[in-house]
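Student: Please work out how this folds:
(one chain, ligands or ions: 1)
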Amino acid sequence: MKNLSRRKFLASSVRAALFGAYAINNTSTANAQATPWSNWSGGQTCQPAGRHDIASEDQLIDILKSTSGPIRPIGSGHSFSPLIPTDGHLVVIDQLSGILDYDSSTMQATLGAGSRLGDLGPALAAIGQGMFNLPDIDRQTVAGATATGTHGTGITFKSLAGYITALRLVTPRGEVLDIDVSDGDLFDAARVNVGALGVVTRIRLQNREAYKLKKREWTAPTEDILADFDALAANHRHFEIFPLVYSDYSMVLSIDESDEPIGQTIIPAEEVTLADLRPLGVDASPPEKLAMNNALAANTEVSEAVDLSYKLLSNVRNNRFNEMEYSVPATVGAECVREILKTIYDQAIEVAFPLEYRYVSPEAPWLSMAYGDEPHATISIHRTAREDYRPYFDIIEPIFWKYGGRPHWGKIHSLGQRELSQLYPRFRDFMEIRESLDPNGRLLNAHLKHLFIA
Ligand SMILES: Cc1cc2nc3c(=O)[nH]c(=O)nc-3n(C[C@H](O)[C@H](O)[C@H](O)COP(=O)(O)OP(=O)(O)OC[C@H]3O[C@@H](n4cnc5c(N)ncnc54)[C@H](O)[C@@H]3O)c2cc1C
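Tutor: Have a look, this model is predicted:
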C-alpha cells in the first residue's frame, strides 16, 4: 500500500462521509402543481394533491380557506423524519424570504420565514448583525429549522428557536397571530412547533454584532476528550467531536471568536506510512479495522481557518444520508457515546460514519431537545441514503432511551405520543394548544397524528 498522508486520511474518512459539495433536490414549483415531493435524503416521498408556492400572507389565507383536506408547510426538505409527506396540499414559503426589518440598537431582525440560513449570513452581515449560532449545514429555512428545534454546538448556545423574539403564525382557520414573550405559553409552544400549529410567515431573531471566528480541527483519543469534555466545552465558544467508529480516536472541532485576518492553514505533520498494514477487505474484523483506523487517526494534521462567523459555523455535506439524533442530559452523554461505540464494535455493525457529539444550553421552548434547566448532549448516528437505516438505528435507538434520550423532531425516531409525553414535560400542554389552533387536524399527516393524537 502506498504512503497515505494525513490530509488524505481525513479526506477519505470523516470528510468523505460527511463533507463535500452540496445540491438541493427539493424545489418549489408553479402554484398548485401536483409534482412528487422528496426530502434531501430521498428517504421520504409523497405525491401531494397540490403544491402552493405562496407570495403573500393573503395568498396563504386564500389557500387555507379554498382547499380542503390535509395541508403541510414545507421548508427546504432537510428533515429525515416523515414530517411532510401527505396526499393533501403542500405550502411552499420560499418567496417569503429576506430581512423584512431590523433594529441596530437591539440587534434584532425580522426575517421572512422561508429565508435560507445560508442566505441570511451575508444579508445580516450587511446590516452589521450575525446569528449567534448555526447548525451543521445552512440550507434549511428559518421556519423549518426552528420548527424542529434545530441546533448547533456550544454549551452557552440555545437552539435557533431559543433566539426567536417574535413570530407570525397563520392558523389553519386563517387567523393571523403575532406571538411574542407576552403570550407566555403560546410563545413557548410556537417556537418549536413541528409544523403542527399553523404556517409561520415571519420570525424575529435576536442576533448580535457581526463577528469573525477561528475554527480548529484535529484528531485526539476519544477517551481523553470525553474525560475533559465539560472543561473543553466551557473553554471554547463551540466545541464538538465526531467519534470515529472502530477507532479510539475522534475528530475534534473547536471554534472561538477571533480578530485574526481571514485565511486558512493546514499545520503539516509527518507522513504516516501504512506499508506494514495490510489492506482492509470488506469483511475485515473489528480488531483489524481498529488497528487501521487508529494508525491513521493518530497521525492527522491540524487545520485552522479564520473567517466570518456564518462561513465557519456550517459545513457543506455532499454524501446523502439518513440520521437519528437524540439528546441526553450532558451528565450521561459520555457514557451513552461509549455504549454506542462499543455496541457497533461488539456487533460488528457495518458503518463508516462517525458519531457526532455536541452540547446545547438549556432553554424554554417546550419541544426543544434541551428544554429545562440542564445542558443536554446531542448524539447523532448516520447511514448512507442508499442503505436501509433501520437495522442499525433499531439497535442503537434503545441505547438512547436508556439514558433518557429525547428525539430530534427532524430526524428518524420511532417514538409515539405516550413515550414523548414522558420525555418532554410540557408535551401534553403542547397537544392542547395544537388542538385549540387546529381542531380539525388539517395540519396532521400520519406521522404527526402518531405524535400528537392521544
Ligand atoms: C445534512 C443535514 C445536516 C443537518 N444538520 C443539523 C444540525 O446540525 N442540527 C440540527 O439540529 N439539525 C440538523 N439537521 C436537521 C434539519 O436542520 C431539520 O430537519 C430542519 O427542520 C430542516 O429544515 P427545513 O427548512 O428543511 O424544513 P423541512 O424539513 O422542510 O420541515 C421541517 C418542519 O418544519 C415545518 N415547517 C417548515 N416551514 C414552516 C412554516 N413556514 N411554518 C410552520 N412550519 C413549517 C414543516 O412542516 C416540518 O414539520 C440537518 C439535516 C441535514 C439534511
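
Student: Every contact and neighbour count from this point should use C-alpha atoms.
Tutor: Noted.

Student: sec struct for the residue nearest to residue 80 when sequence neighbours are not counted, please.
Tutor: Spatially, and ignoring its direct neighbours in sequence, residue 80 is nearest to residue 411 (4.7 Å; CA to CA, 6 or more residues apart in numbering). Judged by DSSP: H, G, I helix; E, B strand; the rest coil, the three-state class of residue 411 is coil.

Student: ok now do residue 411, which residues does it touch?
Tutor: Contacts for residue 411 were tallied using CA atoms under 8 Å, 6 or more residues apart in numbering; they are 79-81, 322-325.

Student: Check residue 56 too.
Tutor: Applying CA under 8 Å, 6+ apart to residue 56 gives the contacts residue 96.

Student: Then residue 383?
Tutor: 321-323, 351, 353, 389.

Student: Including secondary structure, distance to the ligand and neighbour count, could those go into a markdown table?
Tutor: Below are those laid out as a markdown table (DSSP: H, G, I helix; E, B strand; the rest coil; distance: CA to the nearest ligand atom, whole Å; neighbours: other CA atoms under 10 Å):
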| residue | secondary structure | distance to the ligand | neighbour count |
| --- | --- | --- | --- |
| 321 | strand | 7 | 22 |
| 322 | strand | 8 | 24 |
| 323 | strand | 8 | 22 |
| 351 | coil | 17 | 15 |
| 353 | coil | 13 | 22 |
| 389 | coil | 15 | 19 |
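
Student: ok, so of those, who is nearest residue 207?
Tutor: Proximity of the contacts of residue 383 to residue 207 (CA to CA) peaks at residue 323, which lies at 28.8 Å.

Student: thought the closest one was touching residue 410?
Tutor: No. Counting by CA atoms under 8 Å, residue 323 stays clear of residue 410, with 9.1 Å between them.

Student: Would you mind listing what in the stretch 151-300 of the chain touches the ligand?
Tutor: Residues of the stretch 151-300 of the chain lying close to the ligand (CA under 6 Å from any ligand atom) are 151-152, 194-195, 198-201.

Student: tell me the two of those residues that are most distant?
Tutor: Checking these with CA to CA, the most distant pair is 152 and 198, at 25.1 Å.

Student: In terms of neighbours, single out the busier of the two.
Tutor: Using other CA atoms under 10 Å as the criterion, residue 152 and residue 198 rank with residue 198 on top: 27 against 24.

Student: which ones are touching the nearest residue to the more buried one once chain neighbours are set aside?
Tutor: Spatial nearest neighbour of residue 198, excluding adjacent residues (CA to CA, 6+ apart): residue 171 at 4.3 Å. Counting by CA under 8 Å, 6+ apart, residue 171 makes contact with 177, 197-199, 437-438.

Student: same thing with residue 131?
Tutor: 121, 124, 206-208, 210, 310.

Student: What distance do you get for it to the ligand?
Tutor: Residue 131 sits 15 Å away from the ligand, taking CA to the nearest ligand atom, to the nearest Å as the criterion.

Student: With residue 315 instead?
Tutor: 9 Å.

Student: Surely that residue is in a helix?
Tutor: No. Going by three-state DSSP, the assignment for residue 315 is coil, not a helix.

Student: Could you measure from it over to residue 161?
Tutor: In this view, residue 315 and residue 161 are 20 Å apart by CA to CA, to the nearest Å.

Student: Tell me which of the two has more neighbours.
Tutor: The residue with more neighbours, out of residue 315 and residue 161, is residue 161; 27 against 19, by other CA under 10 Å.

Student: Quick one: the helices in the stretch 151-300 of the chain, in order.
Tutor: Using DSSP state H, counting those that start in this stretch, the helices of the stretch 151-300 of the chain run over 185-190, 222-227, 229-235, 286-297.
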